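Chemist: Task: produce atomic coordinates for the following.
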Amino acid sequence: MPQPFFETLRSLLEEEGTLTLGEFMDRAGEQTYGFMVLLMALPGLVPGVNVVGAPVGGGIIMRMGWQMAKGQPHPWVPDRLQAMELHKGRIQDALAKLEEVLAKVRWQRFERRPISRRWMGLLLTWTGFLLALPVPLPFGNIAPAGVLVVQGVALLEERPVLGWLGALGSLAVTIYFALSAKLIVTELRRGVSWLWRRFA
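Modeler: Numbers count the residues shown, from 1 in each chain. Predicted coordinates for the structure are as follows:
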């Protein structure tokens, strides 16, 4: 079993010297995927922010999921960003808040064991696609974002049961979108028509 993500991050923050994003990702390895999924999915849960945050976050998660399915050790980021120095104090504050939130949904009785990265990568790719879709439906952004949060926690905590719950959530959102396909197409056409009349 890999070392729990938060233990890895805490040990990095306690070391002397500077810490770059690239060093952090190399040490955290594949668990970085779970952390990044959480960061990208959370804006989709915030009303107002999710209008822009959900499509952007969904697109990034799709890319990360595909990278994970192909076996990349951690998400790809440009070299310039990898060289960026991280502010340890701010990360420690954010870490404390994130652990406080996760403590409310962490089910210790569920066994920790490695999760199939290929399976989870494909699942993240699909769920990220659902998040990126501009669907004019109630909970159209919030539902896939919530599912992605569960999937991100499953990766961070190495909890296969949460991974299966995330898969069921992704299936439920897929069915919801499919049953509402006619409404989605109608609303999208109405939006395009409005933009055409306004800017043509």
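Chemist: Nearest residue to residue 169 in space, ignoring adjacent ones along the chain?
Modeler: Leaving aside its chain neighbours, residue 169 sits nearest to residue 147 (3.7 Å; criterion: CB to CB, 6 or more residues apart in numbering). For the C-beta atoms, the positions are set from N, CA and C on the backbone; glycine is no exception.
Chemist: residues in contact with that neighbour?
Modeler: Taking CB atoms under 8 Å, 6 or more residues apart in numbering, we find residue 147 in contact with 127, 166, 169, 170, 172, 173.
Chemist: what's the offset of the host helix or strand of it from the middle of its chain?
Modeler: Per DSSP states H and E, residue 147 falls inside helix 142-157. Relative to the centre of its chain, helix 142-157 is centred 6 Å away, using CA atoms, centre = their mean, to the nearest Å.
Chemist: Going along the chain from the helix or strand hosting residue 9, find the next helix or strand for me.
Modeler: When elements are assigned from DSSP H and E, residue 9 belongs to helix 5-14. As assigned by DSSP H and E, the chain's next helix or strand after helix 5-14 is helix 21-28.
Chemist: hmm, who's touching the helix or strand following that next one?
Modeler: The helix or strand immediately downstream of helix 21-28 is helix 31-41, counting by DSSP H and E. Identification of contacts with helix 31-41 by CB under 8 Å, 6+ apart yields 2, 5, 8, 24-25, 28, 57-58, 60-61, 64, 68, 74-75, 98, 120-121, 124, 131, 145, 148-149, 151-157.
Chemist: centroid residue for this protein?
Modeler: residue 37 (2.0 Å; CA atoms, centre = their mean).
Chemist: mind checking how far it is from residue 87?
Modeler: Distance of residue 37 to residue 87, computed by CB to CB, to the nearest Å: 22 Å.
Chemist: Then residue 22?
Modeler: Using CB to CB, residue 22 is found at 15 Å from residue 87.
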